[in-house]
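Enquirer: task: produce atomic coordinates for the following.
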Amino acid sequence: MKILALGDVVGRPGREVVAELLGGLIREHDISFVVTNAENVAGGSGLTPETVKPLLDAGVDCITTGDHVFQRKEILPLLETDARILRPANYAASASGKGFTVLRGRKGERVGVLSVLGRVFMKPIDDPFAAVDAILARLAGETDILLVDFHAEATSEKVAMGWYLDGRVTAVVGTHTHVQTADEQILPKGTAYITDLGMTGPHASVLGREVDKVVRALVTGMPTHFDVAAEDVRLCGALITAEPSTHKATAIERIAIKKKTPR
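Expert: So this is what the prediction gives:
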């Protein structure tokens with residue numbers, strides 16, 4: 001089966017490029033399941049029911065998040081009721097929503113998705129390694145495919161998670177830094193890995209925000225509002241080929257496709 005994992009969707013430009021390109025990719029590559037990180041889909045920070053709907057309508061099967069998941073309170077009811085939208089599993093058990101789900105692919109495959117948040121250079125949070133271990137124990141025998149979105153800042157922590165889970169999950173994909181890495185690989189025991197899927201959004205920017213304002217803030221040290229940029233919009237991620245009978249990945253390919261129509 002083919003799995004498409006998309007990197008952080010940023011603002012309206014990100015939503016628009018997903019709406020424009022995803023359906024064609026699903027048909028062209030016979031994709032069975034699509035997962036995307038969308039913690040920045042609402043104005044560049046957080047998510048709302050109105051901003052996740054275009055992604056789901058376009059063909060996204062599961063939405064993962066990260067440290068901005070609770071940025072907008074409007075999403076809280078949906079986190080409680082929609083199994084397709086996850087918050088990181090290593091938040092407190094009392095936090096809204098849940099950090100893993102099992103959904104069906106387009107050909108009936110049982111796809112488990114886990115969302116976890118890193119700790120290195122991030123705000124304090126529970127151990128992501130222990131969180132994944134606990135979920136994998138709960139899901140034993142209940143999935144054909146397992147994918148982990150590790151939303152983390154440090155490359156070393158992401159790489160360590162990949163090796164930690166090699167042979168235990170189908171894929172470990174990194175998100176959060178908005179810069180696509182070139183280290184896609186199949187690890188020795190059959191787990192697909194990439195340190196960061198990149199950003200689905202405007203690339204003529206500083207991580208999706210207007211260049212001038214970010215540069216000014218860094219130069220002066222003065223706070224300012226960072227508006228979402230608009231140019232050079234791309235859909236970024238990775239296409240993973242997996243074998244449900246073995247739970248293993250057999251191939252991983254980086255993708256970065258420019259939006260065709262002007263805004």
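Enquirer: give me every residue that touches the most centrally placed residue in the chain.
Expert: Of all residues in the chain, the one closest to the mean position by Cα atoms, centre = their mean is residue 37, 2.8 Å from it. The contact partners of residue 37, by Cβ atoms under 8 Å, 6 or more residues apart in numbering, come to 6-9, 63-66, 149, 151, 175-176, 197. All C-beta atoms are positioned from the backbone trio N, CA, C, and that covers glycine.
Enquirer: among those residues, name the ones in strands.
Expert: Helix and strand membership here follows DSSP state E; of the contacts of residue 37, those in strands are 6, 8, 9, 63, 64, 149, 151, 175.
Enquirer: closest one to residue 42 out of those, please.
Expert: residue 9 (9.9 Å; Cβ to Cβ).
Enquirer: and the spatially closest residue to residue 209 that is not a sequence neighbour, which of the three is it?
Expert: Nearest-residue entry for residue 209: residue 226, 3.9 Å, with adjacent residues in sequence omitted and distances by Cβ to Cβ, 6 or more residues apart in numbering. State at residue 226, reduced to three classes by DSSP: H, G, I helix; E, B strand; the rest coil: coil.
Enquirer: next, the contact list for residue 226, please.
Expert: For residue 226, counting by Cβ under 8 Å, 6+ apart, the contacting residues are 44, 209, 210, 213, 214, 217.
Enquirer: for the stretch 1-150 of the chain, which segments count as strands?
Expert: Shown for the stretch 1-150 of the chain, the strands assigned by DSSP state E, counting those that start in this stretch span residues 2-6, 8-9, 31-37, 62-64, 100-104, 110-117, 145-151.
Enquirer: helices along this protein, start to end?
Expert: Listed in chain order, the helices of the chain (DSSP state H) span 11-29, 49-58, 76-81, 128-138, 155-165, 211-220.
Enquirer: report the buried members of the contacts of residue 226.
Expert: 44, 209, 210, 214, 217 (16 or more other Cβ atoms under 10 Å).
Enquirer: could you check how far the last one is from residue 13?
Expert: When you say that, I think you mean residue 217. If you measure residue 217 against residue 13 using Cβ to Cβ, to the nearest Å, the figure is 21 Å.
Enquirer: count the residues that sit near residue 179.
Expert: By other Cβ atoms under 10 Å, 14 other residues sit near residue 179.
Enquirer: I'd say it and residue 199 touch.
Expert: Yes - the pair residue 179 and residue 199 qualifies as a contact (Cβ atoms under 8 Å) at a distance of 7.3 Å.
Enquirer: and for these two, which residues touch both?
Expert: Each of residue 207 lies in contact with both residue 179 and residue 199 under the rule Cβ under 8 Å, 6+ apart.
Enquirer: can you pull the buried residues of stretch 197-212?
Expert: 197-203, 205-210.
Enquirer: same list (the residues you listed) but as a markdown table, adding distance to residue 183 and pLDDT.
Expert: Putting the buried residues of stretch 197-212 into a markdown table (distance: Cβ to Cβ, whole Å; pLDDT from 0 to 100) gives the following:
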| residue | distance to residue 183 | pLDDT |
| --- | --- | --- |
| 197 | 12 | 98 |
| 198 | 12 | 98 |
| 199 | 17 | 98 |
| 200 | 19 | 98 |
| 201 | 21 | 97 |
| 202 | 24 | 97 |
| 203 | 19 | 97 |
| 205 | 23 | 96 |
| 206 | 23 | 96 |
| 207 | 19 | 96 |
| 208 | 22 | 94 |
| 209 | 25 | 95 |
| 210 | 29 | 95 |
